[in-house]
Every structure is written in C-alpha cells, then in structure tokens.
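# Sequence plus predicted model, see below.
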Amino acid sequence: MHAMRRLLSTVACVASLSLAAAGCAAWQAPADVSDAGLRDRAVKATKRDVRVSAAVLSADDSRRMLGVEVDRKRVQPVWIEVQNQTADPLWLLRPGTDPDYFSPLEIAWSVHMPLAEDANARIDEHLNKLGFKNPVLPDVTHAGLLFINPEHGVRLLNIDLLQRKALIPFSLFLSVPDDAGDERFAFSAYRYPDSAIKDRNTLAALRSELERLPCCATDPRGTAYGAPLNIIFVGESSDIGAALARRSYRRDMRPVDAVEQVFGRRPDIVGRKQSQAGAPATWVRAWLAPIRFEGRSVYLVQVGRPVGGRFAPPDATSVVLHEDVDEARNLLIQDMMYSGGLDKLGFVTGAGPASPTQPPTAFSGARYQSDGLRAVMFFATRPIGLSEVEFLDWEPYLDGRRSAARDGNDDARK
Amino acid sequence: MNRMVKLVLAATVVAAALAGCTSTPLPTNIDYKSRAVTRTEGGVRISAAVLSAEESVTVYGVPLAKKSIQPVWIEVENRDDRAYFLLSPGLDPNFFPASEAAEAFTPGDPPDRTLELDRRFWHLAFHNPVPPGATTSGFVLTNLDEGFKFVHLDLVANGRARTFSILTTVPGFRADYRMTQVFGREIYPAEKIVNYTDDAAFRAALVALPCCVTNEAGSKNGDPLNLVVVGGLDDAFPAFARRGWHATEEKWTGSIMKVVTSALSGERYTNAPVSDLYLFGRVQDLALQRARDNIHQRNHLRLWLSPMRYHGKQVWVGQISRDIGSRLTMHSPTFTTHKIDPDVDEARGALMQDMAYSVNLAKLGFVQGVGAAPRSAPRGNLTTDPYHTDGLRGVLVFDRRHTSLARITFFPWQGTDDEAEQVTGRIKQ
C-alpha cells in the first residue's frame, strides 16, 4: 500500500516536472562572465600592501554571470578582488563578512532541477568556479564572488584578511545597484559642516559633551519624546560597522525607525541583529553627533528590542519598544566584547533615569524604565581580545558601586 | 510479520516510556545547587548547574523546556581586585534575555500577570557586575541541550578576562557514560599515549592517520577525516560554544519517539539525528552541530579522541560536512531534503575561518593524509553522497589564553607555508 502510494506520487512528480526538466537539461554555463563592469564601479582600498576591490552584483550582473536566478530576497552576490603584495598568504574570513554566508554549492543546490543530473553538475561547476577562493598567495590577485545575506541601499562590506600573526581588515561602503533611486533605501552618510563640529581631545572633555546630548529621540515634529538614547559609539564608522557585522548585525531601516528623530532627522544608520539560527531581536539606531573625539566620529545611539522578541506572533505587525532598555544596552555591550573591535567602555549620565513605578511613555506609546546611564563604546581597527578591553573610570557602574537594581529590590545579588 | 513485530515493539516502548513518566514525580526539593560544579582561578570562583525541565518549572513556575529554553544557574565569587562581568553570549550566542523569555509565556495575558512574570524572570536572572569581594548568583537562559551541556563562562574585567569550562550532565536524560569517560578519565592505557612536542613528528603522525571514517565492520570507507582539533574542555570546546556549536547525541526521548512514529506509519526511519561512523574501532566520541534551528542545521562534525597528545593537549580527529539541502532549497519535499556539500573542503575552511573569531584559536595549519579526490573523480561516503577534496586535513590548536585575530600563528610546516598552499592553490584556482 505504502509502496503503491510512493510510486503514484513519484509518477505525479515526474509528469509535472518533465517539462521543466526538459528546459533545464539544456542549461549551459553562460559565455560572458566578465567582471569588467564590476571592476569599473568597484570600491577600492589599499592597506599594508594589500588592495581590495568590491562591488555588489545587480540582478542583471547576477543573471549574466551565474546563468541562474538566485533568490534576491535572500542572497546578495558580491564580487571581491584581493591583490596580495605582501610576503605571506592571505585568507579571507567569510564569517567576518557575514556569519550566515552561503557556499557556492549551496546556491547551486537551490536552483537544481529534478531529473537533470548533467545540467546540475554544470551549474555546480560553474558557480563553484565563480566563488572566491582561499588562500591568496603572495604576488597573486584573486577575484571571486561571495554569497551573503542582502542589505539594501548601501552595503557595508567587512573584509577580514587573516595572515600569519596579522589581521588586515577593510570596511567598504558599496552601493546596491538595483536599489538606486528607491526612496525606501536612500542612504547618505550625514555630514556636518566643520564649523558645526566640536573637537574634544581629552576623555574628560568628551564625557561632559556626552552628558549634554539629548536624552531621547523625539517624534518628527519634535514635540514629544521617543525612545531613550542609551548608547554612544566612538570610532570610525568602518570600525563600528565591522564590529556589528561580525556579530550578525545587518543594515535594516524600517518605517518604525524613521519616525524616531534626533537632531531633526531620522536615524543615519539602523542595524538589526539577524541570524538564521535565531538571534536576539535587537535593533541599533544611530545618529552622527556634532562632536569629534581625537578626530573620530561620535554617534548617539538608541538600542532596544521589540515587545515579544523572538516569541512575538509571526503575523505581528506592530513594533513597540520593550520596556527594559537597560537590558538591551547591557547585552549589546556583551555582544560587542566578542566583536574584536571594542577597545574601551565607560558609562555616562544623560539618558535620564526612568522609574519603574512611573515609567515615561514615548510618543509611540511604549513605556520604559532605565537607570538613566549611557554606555560609551570606543571602537578600534586593531583586533582586541576579551582581556584587553579598557574600562573607563566614569560613572561607577562598571566597578559595581552602582548596580542594576530594579524595583528597589536587588535580591539576585547576595 | 515484520510490521507486526514493529507494532509490538513500538507499543512496548511507548508503555515503557509512559511508565517512566508516571514513576518520576516532580522534585519537591530543588537541590541543583548541591550538584553544581565549582572551579576557581585567580581569585574568582564559579559554580554552575543546568536545570532539568522539571526543576525549571519549579523555579520559574512555567515550562521553559517547552520553549526550548534551559536555565543555567551560575554563581560567581569575586576575590579579585576588580569587578567582573559575565558574558551571556559566551554560553550561547543565541541565549534568551530574561525579559524576552518571560514574554514567551505571556501573550494575551492581563498586564498584571505579564508584569509579575517579568519581575520573577528579572529577579532570577544573573545580574552584572560582580564587584570585588561580592558573590553573585542567578540564571542565564540558553537553548535546550539534551543529555549533557558544555557550560563556558567568560568573565571580563578591566584589562583582564577569565574563562571557565565545565561539562555538565542534564538531569532527566539518560546519563551519557561514554561522554563522562571521554572527558572524565583517560580512555587509552598509558602505554598507548604518545605526547608529541616536536612539530615534525606530530605532523608525520597526523599524516599517517587513516584517510576516512569507516562503517562498523571497518570494511568500507566513508567521509574523509579532514579535521584535527587540539585541545579539550578548557580551550577547544569553549571556542565551539562561543560560535554556536552544540553537542548532539542520539537523543533518548527524540529517537524513541521517531522510532515509534516510523514503526507505526510503516515508513523507514531515514533521518537519524547523527548517523554513527567509525574510527579507532568505535563510533564518534562527540558529535556537534551548528545552531539548533531546524532550517539551519547546516554543519555537522564528529570527533574521536586519539591516543596522541600535542604538548600534553588532547588531540581529536574528525570529520566535518555542511548540509546544503536545508536553507535555500526550493525543492518539493518529495525530493531529497538532505544533501551534503560535495566540496567538503568548503566546510573545513568555514570551520577554520569561524574559529578564528572564537578567541581561543592559537594556531592553525594543514597536513596531507586524506588523499585528494578531484572534482572529476569524486569519492563517495557511506551514504553514497559524492565528495571532492584537495586531500588536506585542517589542524586547529586551541589555547586557554585568549588570542586576538591578529595573533593567530600558522604551523611552520611546509604543509602550511608552501606545499599545502601550493596544493590548495593549484586545486582551487
């Protein structure tokens, strides 16, 4: 009986797919896999005798070079070239670019057709040939594709090249060709005129500036308070972006983010932690502040997570800030400890305490509670181990003199 | 007849399972602290215990295990001169913040019930920091492991970090005696152990290992042994945990249910959690998989403890492959749903690259020994999946001391510098 049913279902499948298979069996690798166009528009950078170039493939590039339709909603092919003029081999660490990257044969498998063994083998061979190959030996230039999860508008591409006792990291901002002109993904790195920027070159001077920054975002009219600004990032945007990318954050601005405003504008960058294995649902909304510390940028940041987190019903449409914003802040710090990019950490006041008995209500309707502290994270290019993070002697949160008490009842501590 | 036997077998198993359930009353006395494992280093003492499903109901008042959440109780006593922070992502990169776990049990509940549960979860949670002279305890909520669990605690202070690693058993599951053996005491007689301190001799020994795993009889070769992991509970396995690897074993309850289901439906039980492969005359000592999400079980590795040591560290030999049939597939379920990436070198490379971010990888290299299988002439594993390879084994040496990305060294072997790279380069280009 079972055998009969299985046979019937097989026959049905063969019948329904024979047409498709007939078309597919003729699949041939595309003749034109030239990367000249990509090379022309590639963003380039050179550091320590290594030159990298990279460009995001458009849908047309992808079709032309791959010869198959990949699911653009889930995969973004990126072309990378590495020229090694050092004396040692280089290894591109793919998880540094995207911890959830796809292998070429995984992409190939997704477009395999039934009953087309030869064609499938040709697809495998072709995509495998296009994939980026390690290592890049001295005096060699390698180019190839990486298959990673999509970002829109502008892709921040982190490239970690490992060498004997060295890491040569690059962060490139690449435009996504098919998103050009799409207002939803419009992205321009906000810049202040030089005259508007306060340069601060001592930690004490920086701290007093940070304490004076606005407590919270506002609604677009600037009449009602929004979510508290509970984090400060200090560093080059590329270093901050690299640290976030290594921990599975992707750029992802949604309408709900855009209504939160600081300095009269929506967030300059929004990142969301997204992992196919189910990461905590944290967002990071960042605004460039008109302050520079030792020549590096300062971002005012709001970190939080939606009510419901990973347990929200799949059809839930509303995104409301969960009240425990300090928890989200503290967990972001922990995450960044593993990014290899966190150099220094301190706490300052400025976000304003919010008591659980009288929680403030943001214009979105969200209520939250907080100890009112901002975590200040300094990022560096040099990879930093867990035991090398410096704690600043600012607000006495880090040495435990000021603790995460809530409800006036800190019974978790003995 | 065969079917009849299966049904009887299934019924027996179900009956046994039910009997087991009814005869295990809920614990009236929570004594997880008494079985906590304790470690001390440099003025910091930690204790940890994993709660069973029943214990977590008793402590939290809600069935956390039903949402695949497993609380780990941790106590930190700080006699050092600075405050420490416990890093939850080190236990499990996809851990559950206390407030989020509370929300798993409150959808649609009245606000006062939601608030009460949120408060309870908050009070039970581990709270940072642990100031000098203080003792702090609380729970970190991780993804559920069955049977046993690697508990890794990264504690960070100003310019200092301490790491502790513990293998714990999870009550409520069949005790895994083999795991305890592998980690608890020497499984090889002393005269069989060879400790290598000379890199050239170590390399030769690694090259001389068998190419592949075998079937039980040892008569057929399977997947290539393309991985050598040097280290143990204190250094290698923390690295795996930080990067989201979980131990898998044949899951007692899960396997039984699947056997029962397949016996009842008459279908073949085709997808065992991890199939057994053989080396050194025994099945793998340890099987790990990346992530727990059903659609994402894409990397599997199996390890066997070898009688070799490298500078006194354990040497594990293993096999890694990537399951590519699950994440992007548009295939109908009628067709194959599991597929191993035939480019097994890709999975090996992915692991080595990923481990570079683990903080514990100190050194890496390549040796021959698998035997090349070019794309044009692939070999097959025991389940007839074809694979091709450059024939190299990746060697990863882990160390307790944290190593930043910029300080990882490569073995000064020809295999890494010239020959292997030439080989790798030649085949890959």
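Everything's here; your move. Numbers count the residues shown, from 1 in each chain, chains lettered A, B, ... in the order given.
# Could you list the low-confidence segments of the stretch 1-150 of chain A?
A:1-25 (pLDDT under 70).
# Might you enumerate the residues of it proximal to chain B?
In this structure, the stretch 1-150 of chain A approaches chain B at residues A:2, A:9-10, A:13, A:71, A:74-75, A:89, A:91, A:93-96, A:99, A:102-107, A:109-112, A:114, A:124-125, A:128, A:133-135, A:137, A:140, A:142, judged by C-beta under 8 Å from any C-beta of the partner chain. Any C-beta I mention is one placed from the backbone N, CA and C, and that applies to glycine too.
# What about residue B:118, how many residues nearby?
19 (other C-beta atoms under 10 Å in any protein chain shown).
# same check, this time on residue B:277
22.
# Could you do residue B:81 as well?
With other C-beta under 10 Å as criterion, residue B:81 counts 11.
# gap between it and residue B:159?
Separation of residue B:81 from residue B:159 (C-beta to C-beta, to the nearest Å): 12 Å.
# hmm, back to that, sort out for me which of the residues of the stretch 1-150 of chain A next to chain B are in strands.
A:91, A:140, A:142 (DSSP state E).
# Neighbour count and distance to residue A:54 added to those residues, as a markdown table?
Formatted as a markdown table, these follow (neighbours: other C-beta atoms under 10 Å in any protein chain shown; distance: C-beta to C-beta, whole Å):
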| residue | neighbour count | distance to residue A:54 |
| --- | --- | --- |
| A:91 | 21 | 17 |
| A:140 | 15 | 17 |
| A:142 | 20 | 12 |
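# ok, of the residues you listed, which one's closest to residue A:364?
Among these, residue A:91 lies closest to residue A:364 (C-beta to C-beta), at 45.2 Å.
# List the contacts of the closest residue to that closest one other than its chain neighbours.
Nearest non-adjacent residue to residue A:91, counting by C-beta to C-beta, 6 or more residues apart in numbering or on different chains: residue A:162, 4.5 Å away. For residue A:162, the contact set (C-beta atoms under 8 Å, 6 or more residues apart in numbering or on different chains) comprises A:90-93, B:353, B:356, B:405, B:408.
# For the strand or helix carrying residue A:162, the averaged confidence score.
Per DSSP states H and E: residue A:162 is located in strand A:154-163. Across strand A:154-163, the average pLDDT comes to 90.
# Now the element after it, going C-ward?
strand A:166-175.
# Only the buried residues of that next one, if you could.
A:166-172, A:174-175 (16 or more other C-beta atoms under 10 Å in any protein chain shown).
# Which elements pack onto the very next helix or strand once past it?
As assigned by DSSP H and E, the chain's next helix or strand after strand A:166-175 is strand A:198-200. Packing partners of strand A:198-200 (3 or more C-beta pairs under 8 Å, 6 or more residues apart in numbering or on different chains; DSSP states H and E): helix A:203-212, strand A:283-293.
# if we take the contacts of residue A:162, which one ends up nearest to residue A:373?
Closest to residue A:373, out of all of these and judged by C-beta to C-beta, is residue B:405, at 30.2 Å.
# how deep is the closest residue to residue A:395 other than its chain neighbours tucked in, by neighbour count?
The shortest distance from residue A:395 to any non-neighbouring residue, by C-beta to C-beta, 6+ apart, is to residue A:347 (4.0 Å). Neighbours of residue A:347 under the rule other C-beta under 10 Å: 22.
# Correct me if wrong: residue A:347 contacts residue A:397.
Yes - taking contacts as C-beta atoms under 8 Å, residue A:347 lies within contact range of residue A:397: 4.2 Å.
# Mind pulling the model confidence for residue B:145?
80.
# And residue B:252, by the same measure?
pLDDT, read off for residue B:252, is 37.
# cool, and residue B:233?
83.
# give me every residue that touches residue A:192.
Residue A:192 neighbours (C-beta under 8 Å, 6+ apart): A:288, A:290.
# on that earlier part again, so how do I select the buried members of the residues of the stretch 1-150 of chain A next to chain B in ChimeraX?
The ChimeraX command for the buried members of the residues of the stretch 1-150 of chain A next to chain B (criterion: 16+ other C-beta under 10 Å) is given here:
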select /A:75,89,91,93,94,95,96,99,102,103,104,105,106,107,109,110,111,112,114,124,125,128,133,134,135,137,142
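# what number of residues lie near residue B:374?
12.
# let me redo that: residue A:164
18.
# Would you confirm that it contacts residue B:407?
No - checked against C-beta under 8 Å, the pair residue A:164 and residue B:407 is beyond contact range at 10.0 Å.
# shaky segments in the stretch 151-300 of chain A?
Applying pLDDT under 70 to the stretch 151-300 of chain A flags residues A:184-188, A:276-278.
# Low-confidence stretches in the stretch 101-250 of chain B?
Residues of the stretch 101-250 of chain B that meet the criterion pLDDT under 70 lie in B:172-185, B:248-250.
# In it, what residue comes closest to chain A?
residue B:131 (2.7 Å; C-beta to the nearest C-beta).
# Please enumerate the helices of chain B.
Using DSSP state H, the helices of chain B run over B:2-22, B:53-60, B:88-91, B:98-103, B:111-124, B:177-184, B:199-207, B:236-242, B:252-265, B:344-355, B:414-417, B:419-428.
# Against residue A:104, how distant is the residue sitting nearest the centre point of chain A?
Central residue of chain A (C-alpha atoms, centre = their mean): residue A:250, 2.5 Å from the mean position. Relative to residue A:104, residue A:250 is positioned 21 Å away (C-beta to C-beta).
# For the closest residue to residue B:344 other than its chain neighbours, grab the count of nearby residues.
Distances taken as C-beta to C-beta, 6+ apart place residue B:387 nearest to residue B:344, at 4.7 Å, with adjacent residues excluded. When neighbours are defined as other C-beta under 10 Å, residue B:387 has 22 of them.
# what do you get for residue B:141?
27.
# Repeat that for residue A:246.
If we define neighbours as other C-beta under 10 Å, then residue A:246 has 25 of them.
# rewinding a little: now for the contacts of residue A:162, which pair is the farthest apart?
A:92 and B:408 (14.5 Å).
# right, and residue B:154 touches residue B:86 too?
Yes - counting by C-beta under 8 Å, residue B:86 is a contact partner of residue B:154 at 7.4 Å.
# and the residue nearest to the centre of chain A, what element?
strand A:249-251.
# Does anything pack onto that strand? Which helices or strands?
Using 3+ C-beta pairs under 8 Å, 6+ apart: strand A:249-251 touches strand A:154-163, strand A:269-273.
# Between helix B:199-207 and the strand with the most length in chain B, find me the angle.
Criterion DSSP E: the longest strand present in chain B is strand B:299-310. Interaxial angle, strand B:299-310 versus helix B:199-207 (axes from the mean of the first three to the mean of the last three C-alpha atoms, to 10 degrees): 140 degrees.
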